[in-house]
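J.: give me a 3D structure for the following:
(one chain, ligands or ions: 1)
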Amino acid sequence: MATPENEFFVIRAKENGVSVIGLTRGSDTRFHHSEKLDKNEVMIAQFTEHTSAVKVRGKAVIQTRHGEMSTDQD
Ligand code: TRP
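T.: Down below sits the predicted model:
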């Protein structure tokens, strides 16, 4: 069984300037990292001891083991 800390997810930017923002784990939820992706750049990342949530801003496709979604779908 996968633990939260070895789940991978993939983000592919569909436009320039997509932000992938990591939020901290624990009682204090704050941004700790923002990564900019240009069109067609791919980021492969995990949930970690430090990161429990991720916010994606801009047009992108996101794949997790729960499925795939686009930020710009209805
Ligand atoms: N140093 C961060 C960490 O280990 C790197 C990181 C992992 C990250 N997953 C992320 C940053 C997702 C942004 C989004 O938690």
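J.: contacts only, for the residue in the chain positioned nearest to the ligand.
T.: Residue nearest to the ligand within the chain: Gly22 (2.8 Å; C-beta to the nearest ligand atom). (Each C-beta comes from the backbone N, C-alpha and C, glycine too.) Neighbouring residues of Gly22 by C-beta atoms under 8 Å, 6 or more residues apart in numbering: Phe31, His32, His33, Ser34, Glu35, Ala45, His50, Thr51, Ala53, Val54.
J.: tell me which residue is most central in this structure.
T.: Val54 (4.7 Å; C-alpha atoms, centre = their mean).
J.: report the beta-bridge partners for that residue.
T.: Gly22 (DSSP bridges).
J.: and the ligand, which of the contacts of Gly22 contact it?
T.: On the criterion C-beta under 6 Å from any ligand atom, His33, Glu35, Ala45, His50, Thr51, Val54 are the entries of the contacts of Gly22 that sit beside the ligand.
J.: among the contacts of Gly22, the buried ones, what's the ChimeraX command?
T.: To isolate the buried members of these in ChimeraX, using 16 or more other C-beta atoms under 10 Å:
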select :45,51,54
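J.: for my notes, please list the ones next to the ligand among the contacts of Gly22 in CSV and give secondary structure for each entry.
T.: CSV is the format used below for the ones next to the ligand among the contacts of Gly22 (DSSP: H, G, I helix; E, B strand; the rest coil):
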residue, secondary structure
His33, strand
Glu35, strand
Ala45, strand
His50, coil
Thr51, strand
Val54, strand
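J.: most widely separated two among those residues?
T.: Glu35 and His50 (14.0 Å; C-beta to C-beta).
J.: that's a strand at Glu5, yeah?
T.: No - under three-state DSSP, Glu5 sits outside any strand and is assigned helix.
J.: interface residues of this structure facing the ligand?
T.: Near the ligand, when you scan the chain using C-beta under 6 Å from any ligand atom, you find Val20, Gly22, His33, Glu35, Ala45, Gln46, Thr48, His50, Thr51, Val54.
J.: nice, that's everything, thank you.
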